[in-house]
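S.K.: What would the 3D arrangement of this be:
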Amino acid sequence: MVRMQASPYPMVAIEEAIAIVLAHTPVLETEEIPIGDADGRVLAERIISADDMPPFDTTSVDGYAIISGEGTAPRRVLSEVTAGQAGGQAVTPGTAIRIMTGAPLPPGADAVVMVEQTSEVDGILHLTEAPPAGANIYRRGQDIARGQEILGPGTVLGAAEIGLLATVGRARVRVYRRPVVAVLSTGDELVEADEPLRPGQIRDSNRPALLASVREAGAIPISLGRVRDDAAEQEAVIRQGLQRADVVLTSGGVSVGSRDLIKPILARLGTIHFGRVAFKPGKPTTFATVGDKLVFGLPGFPVSSLVSFEVFVRPALRKMQGYTTLHRPVLPVRLDRPVVPSVDRPEYQRAIVYWSNGHLLAYPTGAQRSSRLLSLVGANALLRIPPGTMELPAGTVVEAVLLGDIRTAAAADRTAGQ
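M.R.: As a prediction, this is how the structure comes out:
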């Protein structure tokens, strides 16, 4: 019979644990992909424009290309030029050319008058206003000059950036590779979501939740399934994960019970860098490396597992993908009601942050038990509550880690009523 005993791992502070994780986290190699697959990826090269943009003088409006020095004198309309046409007739004194937005400016013209400021009768153009030279013209290279750097390494590619890549003729682009993350649940008590519960059993919520969290962080998740509390079986599956993935996440089996087997397995396979964190929820969170692979042993309680992922795993996954902003935004907020802190550890309480009369206010999402996943449903923030023995009164300013959009007061009230 294996007896429970105190953990041999010293308690490390949250910031120290994060620093340890990031110090052992590599930025992954790069790959070239089509720009159609590049949204959300991080650029790994400098993009230099090989062309001027626009590549010719063009018009920004529908109207008439004219010689500005002739004022409002009537002009004979020679022809029409539309977008996509090349060359064409020149504007000469006493003439104009009808022109559509994006079409090349005809030779001889130095301004474009908007159609709203004209009338055309029997081929003769009449102007109500005389535009100055250069009016409504985009000059060649005005937006982008040939040889100009338009995007640099570390840029996160969104809709505008991908459009810009297409503008300068880049159909493929080099980005940092996405990490593959293998997720494993441990425990004799676990069954799948569609299985009936027998006495002593619970459904495995950690694995599907962590797989979703990995996807949300931009990485590629693979499921290693669930494994019963058997050291040989768990080690075999962890080894499979290390062969298939850059990162392995386990949930459960990291405390000090007789069936908590993950820490001894990781100690045999590699190096454990910390095995306890002064942190609630998630004190037994464990981080190890096996060669160049990262392994996180997350707690078995659902909230502890997800909050630990958010604080320790997500920044590492972002670093691996080349992101320079690794952490969620943190803002000061005021509590709109009293909050009870943990006596011995900083606590990340699940909360709603909302705007009210120009101020950011927040309140926890009910009972903060580690088993209560409902405390994370609808939460858009984690409140960093320092340890203490005294209740924090309403109006106390604390830090909020933003997980989602800030609510309005009305939306926050609706959430509170759910």
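
S.K.: Dihedrals phi and psi, Gly94?
M.R.: phi 80, psi 10 (degrees, to the nearest 10).

S.K.: what do you get for Pro332?
M.R.: phi -80, psi 140.

S.K.: what's the answer for Gln85, then?
M.R.: According to degrees, to the nearest 10, Gln85 has phi -80, psi 150.

S.K.: Check the secondary structure at Asp405 for me.
M.R.: Asp405 falls in the coil class when you classify it by DSSP: H, G, I helix; E, B strand; the rest coil.

S.K.: Equivalent analysis for Ser305, please.
M.R.: What three-state DSSP gives for Ser305 is helix.

S.K.: wouldn't it be in contact with Thr250 here?
M.R.: No: between Ser305 and Thr250 there is no contact under C-beta atoms under 8 Å: 9.7 Å. No exception for glycine: its C-beta is placed from N, CA and C like everyone else's.

S.K.: and for the two, which residues touch both?
M.R.: Leu298 (C-beta atoms under 8 Å, 6 or more residues apart in numbering).

S.K.: now Thr271, which residues is it bridged with?
M.R.: On the basis of DSSP bridges, Thr271 is bridged to Thr289.

S.K.: That one: neighbouring residues, count only.
M.R.: Thr271: 13 surrounding residues under other C-beta atoms under 10 Å.

S.K.: Would you enumerate the residues in contact with it?
M.R.: By C-beta under 8 Å, 6+ apart, the contact list for Thr271 reads Ala288, Thr289, Val290.

S.K.: same deal with Glu149?
M.R.: Arg46, Ile47, Ile48 are the contacts of Glu149 under C-beta under 8 Å, 6+ apart.

S.K.: Among those, name the buried ones.
M.R.: Among the contacts of Glu149, those classed as buried by 16 or more other C-beta atoms under 10 Å are Ile47.

S.K.: from the contacts of Glu149, which single one is nearest Trp355?
M.R.: Ile47 (37.7 Å; C-beta to C-beta).

S.K.: what about Ile66, distance to Pro132?
M.R.: Separation of Ile66 from Pro132 (C-beta to C-beta, to the nearest Å): 11 Å.

S.K.: Looking at the contacts of Glu149, which are in strands?
M.R.: Among these, DSSP state E puts Ile47, Ile48 in strands.

S.K.: Pick the one among the contacts of Glu149 closest to Pro346.
M.R.: Nearest to Pro346 among the contacts of Glu149 is Arg46, at 41.4 Å by C-beta to C-beta.

S.K.: one step back: so which of the contacts of Thr271 is the closest to Gly147?
M.R.: Of the contacts of Thr271, the one sitting nearest to Gly147 (C-beta to C-beta) turns out to be Thr289, at 43.7 Å.

S.K.: tell me, how many neighbours does the closest one end up with?
M.R.: Neighbour count for Thr289, taken as other C-beta under 10 Å: 17.

S.K.: Report pLDDT for it.
M.R.: For Thr289, the pLDDT comes out at 98.

S.K.: and if you look at Gly200?
M.R.: 88.

S.K.: Equivalent analysis for the one 5 residues further on, please.
M.R.: Model confidence at Ser205, given as pLDDT, is 91.

S.K.: For the lengthiest helix in the chain, list the C-alpha coordinates in PDB.
M.R.: Criterion DSSP state H: the longest helix present in the chain is helix 231-244. The C-alpha trace of helix 231-244 is given here as PDB (Å, rounded to 0.1, in the frame of the first residue of the first chain):
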ATOM      1  CA  ALA A 231       1.800   4.100 -13.800                       C
ATOM      2  CA  ALA A 232       2.900   1.900 -16.700                       C
ATOM      3  CA  GLU A 233      -0.200   2.800 -18.800                       C
ATOM      4  CA  GLN A 234       0.100   6.500 -18.100                       C
ATOM      5  CA  GLU A 235       3.900   6.500 -18.900                       C
ATOM      6  CA  ALA A 236       3.300   4.700 -22.200                       C
ATOM      7  CA  VAL A 237       0.600   7.200 -23.300                       C
ATOM      8  CA  ILE A 238       2.800  10.200 -22.200                       C
ATOM      9  CA  ARG A 239       5.600   8.700 -24.300                       C
ATOM     10  CA  GLN A 240       3.300   8.500 -27.300                       C
ATOM     11  CA  GLY A 241       2.300  12.100 -26.700                       C
ATOM     12  CA  LEU A 242       6.000  13.200 -26.600                       C
ATOM     13  CA  GLN A 243       6.600  11.500 -30.000                       C
ATOM     14  CA  ARG A 244       3.600  13.100 -31.600                       C
END
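
S.K.: hey, where'd the helices end up in the protein?
M.R.: So, for the chain - with DSSP H - the helices run 14-23, 159-167, 206-216, 231-244, 262-269, 302-308, 314-320, 409-416.
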